[in-house]
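A.B. asks: Output the structure for:
(one chain, ligands or ions: 1)
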Amino acid sequence: MPSYLHFTSMTLGDKSARSLSRIGIMGGTFDPIHFGHLRMAQELATVLDLAEVRFIPSATPPHRDQPITSARQRAEMVTLAIADNPVFKLDTRELEREGYSYTIDTLQSLHEELQGQARLYLLMGLDAFVGIASWHRWQELLQLTHIVVATRPGATLPAGNPILDEFLQTHQVSSLQQLHAQAQNGIYMHGITALDISATHIRHQLHTGQSPRYQLPQCVLAYIEQYSLYR
Ligand code: ATP
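C.D. replies: Reported below is the predicted structural model:
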């Protein structure tokens, strides 16, 4: 078993677990980035008291259609969208790797970089969490990070899914205090402001000549218009 898998139990006692700085990991295709992403990151950063949130665009997502715009364009849109928020950072490590963008590889490389100086909080919407059992090496995710799941309009936990049920029964914690304090990583569900915004819908609007205004930052929309994206 690789040594990083022992990270949490080997290095974190209750006291150090609480005092380590906290980094949120926000993965996605961001094709394009919109207020659903930004508001989720903001609310979770506040409630979890995160020192930073890293936006990590996926280069080649394994479980969905490939992005329409290039990796460089999506990274530029994220840069524009987060420019005025000192807590939000762009992290391009998945864009620099060959092959599929597996979250487990990203978490492993973050662990190597951070050398035990921070705890990771993987942020995702409920729609993403529902599909987690199809992720590459998904059962190892909690060796490396907490998982924080935000509500999303239209997404619900499917009833009677034995894999998800067992994952939650074993690892879900009901309070943030417990999540931060315990040495083992856990799963925490948090209700956020419901914004029924999706990149799919924004792309559809652009493709059909409708305006997606007020669903994404104006600077991102200006970039999309400048380069005639999603037409
Ligand atoms: P697409 O429509 O192309 O699938 P998307 O809008 O779902 O894109 P992604 O980049 O795939 O955006 O999402 C990245 C992460 O942000 C996922 O964890 C997703 O669940 C979450 N997310 C996206 N939009 C929202 C939203 N409106 N509310 C809550 N979470 C969201």
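A.B. asks: Where does pLDDT dip in the chain?
C.D. replies: 1-18, 61, 64 (pLDDT under 70).
A.B. asks: near the ligand, which residues of it show up?
C.D. replies: 28-31, 36-37, 40, 124-125, 127-128, 150, 152, 195, 197-200 (CB under 6 Å from any ligand atom). Where you see a C-beta, it was placed from the backbone N, CA and C, and this is true even at glycine.
A.B. asks: Narrow those residues to those in strands?
C.D. replies: 28, 124, 125, 150 (DSSP state E).
A.B. asks: OK, contacts around the last one?
C.D. replies: By that I understand residue 150. 40, 43, 44, 123, 124, 125, 126, 190, 191, 192 (CB atoms under 8 Å, 6 or more residues apart in numbering).
A.B. asks: Kindly recompute the last result at 7 Å.
C.D. replies: 40, 44, 123, 125, 126, 190, 192 (CB atoms under 7 Å, 6 or more residues apart in numbering).
A.B. asks: Drop anything exposed from those residues.
C.D. replies: Buried subset of the contacts of residue 150 (neighbour count, 16 or more other CB atoms under 10 Å): 40, 44, 123, 125, 126, 192.
A.B. asks: Identify all contacting residues around whichever strand or helix holds the second one.
C.D. replies: Residue 44 is located in helix 35-48, with elements delineated by DSSP states H and E. Residues lying outside helix 35-48 but in contact with it, judged by CB under 7 Å, 6+ apart, are 22, 24, 26, 28, 30, 53, 81, 87-88, 121, 123, 125, 148, 150, 176, 190, 192-193, 195, 197-198, 215-216.
A.B. asks: what's the answer for stretch 207-224, then?
C.D. replies: 32-35, 76-77, 80-81, 197, 202, 205-206, 230-231.
A.B. asks: how long is it end to end?
C.D. replies: In stretch 207-224, first residue to last residue: 12 Å (CA to CA, to the nearest Å).
A.B. asks: What residues sit buried inside it?
C.D. replies: For stretch 207-224, the neighbour count (16+ other CB under 10 Å) marks 212, 215, 216, 217, 220, 221, 223, 224 as buried.
A.B. asks: Inside helices: which ones of those residues?
C.D. replies: Residues from the buried residues of stretch 207-224 lying in helices, with DSSP state H as the criterion: 220, 221, 223, 224.
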